[in-house]
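Enquirer: Everything below, folded, please.
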Amino acid sequence: MTKYLTNSIEYITSGELKMADLINIDYRLLSVLYRLGINMGFGDESVAEICNKHNINPSSFMLICNTYIYEGYIPSDDFMLSADPKDIITYLHNSHSYYILTELNTIENYINDLVTPCEATRKNIIVNFFSQYRTEVTNHFEYEESIVFPYIKTISSDDPVKEYRIGKFEESHSNIDEKLNDLRNILMKYLPSVCDSLLAIKVLSHLYKLEYDLKKHTSIENNILIPLVNKLENNDN
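Expert: Numbering: from 1, shown residues only. Next up is the predicted model:
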């Protein structure tokens, strides 16, 4: 298996690796497959074979996977430039839908059930905190969907947009996972004992999972998408 070695860590850069072996390295990559429309049942086919079947650049796919597997992953310039930014955008777009329509909906339903026995003031604090967070996340995603992603799609076209540069996004880009830590602490420290403990565990588990995934999401944007687009912009000049 061909790998790229840097800082004593071997990163996966070869599409020859079997997809099943890749998933066994980190089961959380199952969510990556889902968001890229890759179904189970790939037998002994390689990463490259599966990606080609789904019209996905294998380097784009491996960049995303390495971000999930390795903490603080920074790709080499050559490997990064072999990727297709449109594939990265597709993944991020599908992640937005997954967060909003699946994860946040699930957490919201769990929280509403969890705080049912609470007195009104405490219930409102928790419900309103989550509602405000959801609005913040939705606004964050809407900016990327309406401004950033459409711009990046023009980079490789015959008529690239000149009025916008990825540096504007980089300057204003903020983390959206930090408030989840605040919500977790509120629940762990101040949730009354009348609330269902098993349901509380479900809520906290989903919050931990979402926080982890959002950190990886931000890493893909900060360490792959933004540097890649920066280089493509410089090549156009």
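Enquirer: contacts, neighbours, all on C-alpha from now
Expert: Will do.
Enquirer: confidence score at the residue located most distally from the centre of the chain?
Expert: The outermost residue of the chain relative to its centre, with distances by Cα atoms, centre = their mean, is Glu119 at 35.6 Å. Note for Glu119: predicted pLDDT of 90.
Enquirer: how close does it get to Asn52?
Expert: Counting by Cα to Cα, to the nearest Å, the gap from Glu119 to Asn52 is 55 Å.
Enquirer: go on, Ser193?
Expert: 53 Å.
Enquirer: From the neighbour counts alone, determine which of the two ranks first.
Expert: Shown here are Ser193 and Asn52; by other Cα atoms under 10 Å, Asn52 has more neighbours (12 against 9).
Enquirer: Please, where are all the strands along this protein?
Expert: Along the chain, counting by DSSP state E, strands occupy 3-6, 9-12.
Enquirer: in the protein, which spans are helices?
Expert: Using DSSP state H, the helices of the chain run over 19-25, 30-35, 47-53, 58-69, 77-81, 85-98, 104-114, 120-143, 149-153, 166-172, 178-190, 197-220, 226-236.
Enquirer: buried ones in the first one?
Expert: The reference is to helix 19-25. Buried positions in helix 19-25, judged by neighbour count with 16 or more other Cα atoms under 10 Å: Met19, Ala20, Leu22.
Enquirer: Kindly report the same for stretch 64-71.
Expert: Using 16+ other Cα under 10 Å as the test for burial, stretch 64-71 gives Ile64, Cys65, Asn66, Thr67, Tyr68, Ile69.
Enquirer: Over to stretch 73-81?
Expert: In stretch 73-81, counting by 16+ other Cα under 10 Å, buried: Tyr73, Ile74, Pro75, Met80, Leu81.
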